[in-house]
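Participant: build me a model:
(one chain, ligands or ions: 1)
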Amino acid sequence: MKRSTLELLCCPGCQAALSLRDERGNGTVDEGGLFCPHCERSFLIRNGIVHFICPQELGGLNRRFGRFYDRLSHVYALFTKMAFLPMGGERKARKEILDRLDLNCGRILEVSIGPGVNLPYLFESPTVGEVYGLDISAAQLARCRSFVTKRGWSVDLFLGMAEALPFKAGSFDSVFHIGGINFFSGKKEAIDEMIRVARPGSKIVIADETERVARLYDRIPGFSRSYHGKKADTAVPVHLVPDTMEETRVDDIWKAHGQYHGYCLEFRKPA
Ligand SMILES: C[S@@+](CC[C@H](N)C(=O)[O-])C[C@H]1O[C@@H](n2cnc3c(N)ncnc32)[C@H](O)[C@@H]1O
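Facilitator: Modelled structure (predicted):
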């Protein structure tokens, strides 16, 4: 993690500023801990990744999907490549979303970065700035870390929940999320958090599969959305975007065999 990133971080529980402890690293912060003087919680830094959650403490769908992606991580990149083939390929499918971001060399946050499958398309843009990624799965982040290290890309990574982001308000010039929100425990909290950490005037872009496609996942063993007898609500979460947001729109994306397989919800935080 870059030392300057400390300025952006806050406690995900109470949003107080954090202090660095027992830091080790060569120019970057690779090992050590962060401490919240307000709620007295400590967060480990291991291999440059700050651990803002303890997987054992997760509940609801987050617990289920955190574990699911830990197990799936080794095949995830290949799986998405194959899944996007009928939609014209992965590049086209991802750029359909990423091209909507106003990069402008600013700070970009990907919520649920997974193993970093969107990064090649961000880093090929001449206007890419500093990139930050958060995910609930430690295995996905470990893969992402080795992916960016091999390519020499500077991307700071955080183990955390979309519903309680460990960043100060207004930290990012672009915030985006692809592919996980349908199954988050707290969609409303996650959207509110993306808005909070976005700079006033910046764009927030959220994409996921349509309800029809999400229902098909019920048939995949281990991906069932039922939890304590309740189904996850996989409707486009546009009703969770506050009316105060501007330029709110939803587009159908990922067309294959005459049908759209995804949606892209975008809006702008008022300046
Ligand atoms: C389908 S993958 C998407 C990965 C990547 N964004 C992409 O475009 O392919 C969903 C990701 O969401 C993460 N995830 C699930 N629930 C989460 C939550 N509550 N907070 C943060 N990340 C979460 C999973 O660990 C997984 O990496």
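Participant: how about the residues of the stretch 1-150 of the chain by the ligand?
Facilitator: 62, 65, 69, 80, 112-114, 117-118, 135-137, 140 (CB under 6 Å from any ligand atom). For the C-beta atoms, the positions are set from N, CA and C on the backbone; glycine is no exception.
Participant: mind listing which of these are in helices?
Facilitator: Residues of those located in helices (DSSP state H): Asn62, Phe65, Tyr69, Thr80, Gln140.
Participant: what pLDDT does the third one get?
Facilitator: The predicted structure scores Tyr69 at 93 on the pLDDT scale.
Participant: ok, it touching Ala138?
Facilitator: No. Judged on CB atoms under 8 Å, Tyr69 makes no contact with Ala138 at a distance of 9.3 Å.
Participant: those two: which has the busier surroundings?
Facilitator: Shown here are Tyr69 and Ala138; by other CB atoms under 10 Å, Tyr69 has more neighbours (21 against 18).
Participant: Arg41: how many residues sit nearby?
Facilitator: By other CB under 10 Å, the residues close to Arg41 number 16.
Participant: picking that back up, for PyMOL, what selects the buried ones among the ones in helices among the residues of the stretch 1-150 of the chain next to the ligand?
Facilitator: To isolate the buried ones among those in PyMOL, judged by 16 or more other CB atoms under 10 Å, type:
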select buried, resi 62+65+69+80+140
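Participant: sorry, back to before: would you turn the residues of the stretch 1-150 of the chain next to the ligand into TSV with distance to Asn26?
Facilitator: Shown next, in TSV, are these (distance: CB to CB, whole Å):
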residue	distance to Asn26
Asn62	34
Phe65	35
Tyr69	31
Thr80	34
Ser112	29
Ile113	24
Gly114	27
Val117	28
Asn118	28
Asp135	25
Ile136	29
Ser137	27
Gln140	26
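Participant: next, count neighbours for Asn182.
Facilitator: The number of residues packed near Asn182 is 23, by other CB under 10 Å.
Participant: got the phi and psi for it?
Facilitator: Phi and psi for Asn182, reported as degrees, to the nearest 10, are phi -50, psi -30.
Participant: ok, it touching Asp208?
Facilitator: Yes. Between Asn182 and Asp208 there is a contact under CB under 8 Å: 4.8 Å.
Participant: in the stretch 151-271 of the chain, which residue sits nearest the ligand?
Facilitator: Closest residue of the stretch 151-271 of the chain to the ligand, CB to the nearest ligand atom: Gly180 (2.8 Å).
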